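Trainee: Quick one: sequence and predicted model below, then my questions.
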Amino acid sequence: MGESEHPLRLILHDFLSQNLCKELEFIHKSCCTVGYRPNVFSTTLSHLIATNCGHLLIPFVSIRERLKDKVEEFFGCEYELFIEFTGLISWTKGASIGWHSDDNRSYLKQRDFAAVCYLNNHGKDFKGGVFHFQDGEPTSVVPVAGDLVIYTADSCNIHSVDEIIEGERLTLTLWFTRDSSYDEDVKLISLLSQTLLSGSVDDRPFPFLPSPASSNMYWFSQDQASHDHQEGFDIRWARIHVLHYTFGTTNLTINDATSDSSFHLSESLEKPLRLGRQNEFFKKEFANGLHPLQVVQFYCWKATELPTVNNISDEFGNVKELSCSLEDFKNDSLNVMFLGDQKLVLSIFGYESSDKKLQSSFNWAHFSYVVAAWEDYSLQLRRELITSLPHWRSNHSIFATGT
Ligand SMILES: O=C(O)CCC(=O)C(=O)O
Ligand SMILES: [Fe+2]
């Protein structure tokens, strides 16, 4: 491709490492909410902050800087650009977008450039979802994890995305602006300051525990306009369900437990609950539904690097001490929860999600090890955030401080 022929767009391979792709996938699958279009899910940085996961901004910091540098360099910007929006966006079966430019609404006029990083692979993780430019070369971009597309947001780059046939197509998407009043960093720093500097949050033993947003942000329905809460599912529950886990709660009343009130039931994901797998339940109680979801997604990310059971030291206990059968919880009247239409869950999140290797190697000792590893990871990021924030506040920008 002659770059000079098409100075309005650039495709780069291997811009992101495979590990960063996996880390961002972990963040999205543990934190996303329903998106702005049908069958689309999104994780914005302000949402991470609002759910006490501001520390999960840290993995975005260097890549945002690298992307901004690349866009400024490629388009020869003589002015500084600002990041207007950063988000993880996933498209599932049925999602698509026709020909459009990214500044085609009055409220999007500030957008000057777009960057789309592909975090998973066409053909393997999803079918469909090929990106097309209406004019010029290349005509199509087949998503490959780690690849980057940048283009101007104006009508020189009319583009579309084919309908997703199966699976979940995940991207890291950024828009850039020349207009400093749309600088995302300023808003994020202000949100972080409000949440982190208000009170003694770090006195708690686990200051990094996620706190859920309102339940309707996690409620997926095919026809979102209908507000019919019967036909749908809670995405926090759905994401653990496709991986063969269950939630168990002692907080149910008989009325809640009737099958036609799944949406109502999803409010119990805000309370302490247990995680189960094949009728065995982990002994430790979790703070809310997002908490075990994050651990389970962390397990998926790290599965290939896990030590074998024999190498896990005794401190993580043996399997018998770590889990109980449903029967053992009889006195607590533990209930297994079903938060939505299982067929719909499988059609949206079910594709290839049952990683065979992960399934056969599962045991609660491994899981317990992963809980501890996730706590270390979270605490580390949290420390980094706390030391970076004063620098970000005085510079009015988010950057890698090298701490
Ligand atoms: O994900 C992509 O490849 C592009 C998505 C897109 O066009 C948009 O979000 O405006
Ligand atoms: Fe677009």
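Mentor: All right, it came through fine. Ligands and ions are numbered 1, 2, ... in the order given.
Trainee: What segments of the stretch 101-250 of the chain are strands?
Mentor: Using DSSP state E, counting those that start in this stretch, the strands of the stretch 101-250 of the chain run over residues 113-118, 126-128, 131-133, 140-141, 148-152, 159-161, 164-177, 219-220, 233-234, 245-249.
Trainee: Deepest in the core, which of those strands is it.
Mentor: Comparing those by mean neighbour count (mean count of other Cβ atoms under 10 Å), strand 233-234 comes out on top with a mean of 26. All C-beta spots, glycine's among them, are computed from the backbone N, C-alpha and C.
Trainee: buried stuff in the helix or strand encompassing Trp392?
Mentor: Assigned by DSSP states H and E, Trp392 belongs to helix 364-395. Going by neighbour count (16 or more other Cβ atoms under 10 Å), the buried part of helix 364-395 is 364-371, 373-375, 377-378, 381-382, 384-386, 388-389, 392.
Trainee: One more: stretch 53-72?
Mentor: Across stretch 53-72, burial judged by 16+ other Cβ under 10 Å covers 53-58, 60-61, 63-64, 67-68, 70-72.
Trainee: May I ask which two of these are separated the most?
Mentor: The largest separation in the buried residues of stretch 53-72, counting by Cβ to Cβ, is between Cys53 and Glu72 at 29.1 Å.
Trainee: which regions of the stretch 301-403 of the chain lie under the pLDDT threshold?
Mentor: Applying pLDDT under 70 to the stretch 301-403 of the chain flags residues 309-320, 353-360, 403.
Trainee: In contact with Leu290, which residues?
Mentor: Shown in contact with Leu290 (Cβ atoms under 8 Å, 6 or more residues apart in numbering): 30-31, 51, 210-212, 236, 269.
Trainee: For this protein, what lies in contact range of ligand 1?
Mentor: Residues of the chain lying close to ligand 1 (Cβ under 6 Å from any ligand atom) are 97, 102, 116, 131, 159, 161, 171, 173.
Trainee: ok, of those residues, which one's closest to Ser46?
Mentor: Thr173 (14.8 Å).
Trainee: The closest one reaches Ile89, doesn't it?
Mentor: Yes: using Cβ atoms under 8 Å, Thr173 makes contact with Ile89 at a distance of 5.3 Å.
Trainee: Quick check: Lys187 touching Ser46?
Mentor: Yes: counting by Cβ under 8 Å, Lys187 does reach Ser46; the two are 6.9 Å apart.
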